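Chemist: structure for the following, please:
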Amino acid sequence: MKIEEGILEVYQAGKLTVVGFGGHDILDGIHLAECREGIAQLLEEYDCEVFAFDLTGVKLVPSGLLGLLASLRQQDVEVHLYNPCEDIEDVLEITRLNEIIKVHKVNIK
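Modeler: Model prediction:
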C-alpha cells in the first residue's frame, strides 16, 4: 500500500503498523495534510495501538512531521521510530520528543 504519491509506504498493518518513506532521504516534499489523512485511515482501519515510522536512510525530517508524530500520542497511539540518524536523534532530544516517542535500532526487511 502506498499513500501520498509514494512518499509513505506501509510495510505492515495491524495493531502494530509500520510505515516508511519509500527510500527518500529528505522529507521536505511531504504533504502533511495528505500524510495525516493516510495515517488516520490506517489508525481507523486497523485499530492501531502502535504506529512505527521507519526512518532508515532519512537525513532530514520537517518540523511539521515531528508535530504530526507528537499529535498521534493524543489519539492514544504509541509512536515508535526505527533507525533515526544521529541528527534526527539530536532533534528529538532537543525537542524532548524522545520522552514520548520510543526510538529503536532495528533491522528492517
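
Chemist: low-confidence ranges in this protein?
Modeler: For the chain, the stretches with pLDDT under 70 are 1-7, 24-30, 108-109.

Chemist: name the helices or strands packed onto the longest helix along it?
Modeler: If you go by DSSP state H, the chain has its longest helix at helix 32-46. Applying 3 or more C-beta pairs under 8 Å, 6 or more residues apart in numbering; DSSP states H and E, one finds that helix 32-46 makes contact with strand 2-3, strand 8-12, strand 16-20, strand 50-54, helix 63-72. All C-beta spots, glycine's among them, are computed from the backbone N, C-alpha and C.

Chemist: need the contact list for residue 70.
Modeler: Residues in contact with residue 70 (C-beta atoms under 8 Å, 6 or more residues apart in numbering) are 79, 97, 100-101.

Chemist: what's the separation between the closest residue to residue 17 other than its chain neighbours and residue 89?
Modeler: Take residue 17 and drop its neighbours on the chain: the residue closest to it by C-beta to C-beta, 6 or more residues apart in numbering is residue 48, 4.7 Å away. As judged by C-beta to C-beta, to the nearest Å, residue 48 and residue 89 stand 24 Å apart.

Chemist: which one's more surrounded, those two?
Modeler: Taking neighbours as other C-beta atoms under 10 Å, residue 48 and residue 89 compare with residue 48 leading, 20 against 14.

Chemist: name the SS class of the more buried one, please.
Modeler: Classification of residue 48 by DSSP: H, G, I helix; E, B strand; the rest coil places it in coil.

Chemist: contact partners for it?
Modeler: Counting by C-beta under 8 Å, 6+ apart, the residues that residue 48 touches are 14-17, 42, 77.

Chemist: hang on, the earlier thing: next, the angle helix 63-72 makes with the longest helix of the chain.
Modeler: Angle of helix 32-46 versus helix 63-72, following axes from the mean of the first three to the mean of the last three C-alpha atoms, to 10 degrees, is 30 degrees.

Chemist: show me which residues of helix 32-46 are buried.
Modeler: 35-36, 38-39, 42-43, 46 (16 or more other C-beta atoms under 10 Å).

Chemist: residue 22 sits in which helix or strand?
Modeler: Using DSSP states H and E, residue 22 maps to neither a helix nor a strand.
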